[in-house]
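Enquirer: following is a predicted model, sequence given first.
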Amino acid sequence: MTFFFFRNTMSSENTHIIQLNAQNIPINSVTVFTDRAEVSRKFTVNIQPGYNEVQLENVAGSIDQNSIRVDGSGAATIHEVKFETKPIKIGDADNAKLKDLTAQLKKVEEDLQANNDLKAVYKTRVEALDGAIKNVSF
């Protein structure tokens, strides 16, 4: 989770929190390098007088926290950009696609286990038949 702090220079010290999900913000551009990728998103937020905290969640699974860049315009000052990682449990995820894919993965793993069990049964039968053939003389 990445936090951006803005302060409107016009007023009080109240903190207004604006939460955004990066998955809902279109990607503006992507540049691929041999060891990383640069992803750029642009979005607009309406800030209130006083302190404003803009929380951008679900940005990416892996981020170089020293590479984060924040830009803004208007009558506000960016005081701090703070990076924070908060792991989530799959059961806590509100992403419907993630839940669907997790259910599909569980089904595939169950099918794989069933097939492996059946393979073991057939292997035992083949070994038994091979042993019986060796004992039969022509």
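Expert: Ah, there it is.

Enquirer: neighbours of E57, just the number please.
Expert: E57 is flanked by 15 other residues according to other CB atoms under 10 Å. Heads up, the C-betas are built off the backbone N, CA and C, glycines and all.

Enquirer: which residues does it bridge with?
Expert: N21 (DSSP bridges).

Enquirer: how near is it to I25?
Expert: Taking CB to CB, to the nearest Å as the measure, E57 falls 11 Å from I25.

Enquirer: now do I47
Expert: Distance from I47 to I25, by CB to CB: 17 Å.

Enquirer: the more surrounded of those two?
Expert: Between I47 and I25, I47 has the larger neighbour count (other CB under 10 Å), namely 18 against 14.

Enquirer: could you look up the SS state of the more buried one?
Expert: Going by DSSP: H, G, I helix; E, B strand; the rest coil, the secondary structure assigned to I47 is coil.

Enquirer: what about S73, how many neighbours?
Expert: S73: 6 neighbours (other CB under 10 Å).

Enquirer: and it, backbone torsions?
Expert: When quoted as degrees, to the nearest 10, the phi and psi of S73 stand at phi -140, psi 160.

Enquirer: so for it, what's the pLDDT?
Expert: S73 carries a pLDDT value of 82.

Enquirer: might you list the low-confidence residue ranges for this structure?
Expert: 1-13, 88-94, 137-138 (pLDDT under 70).

Enquirer: for the protein, which segments count as strands?
Expert: All strands of the chain, identified by DSSP state E, fall at 2-8, 15-21, 27-32, 37-41, 50-57, 76-83.
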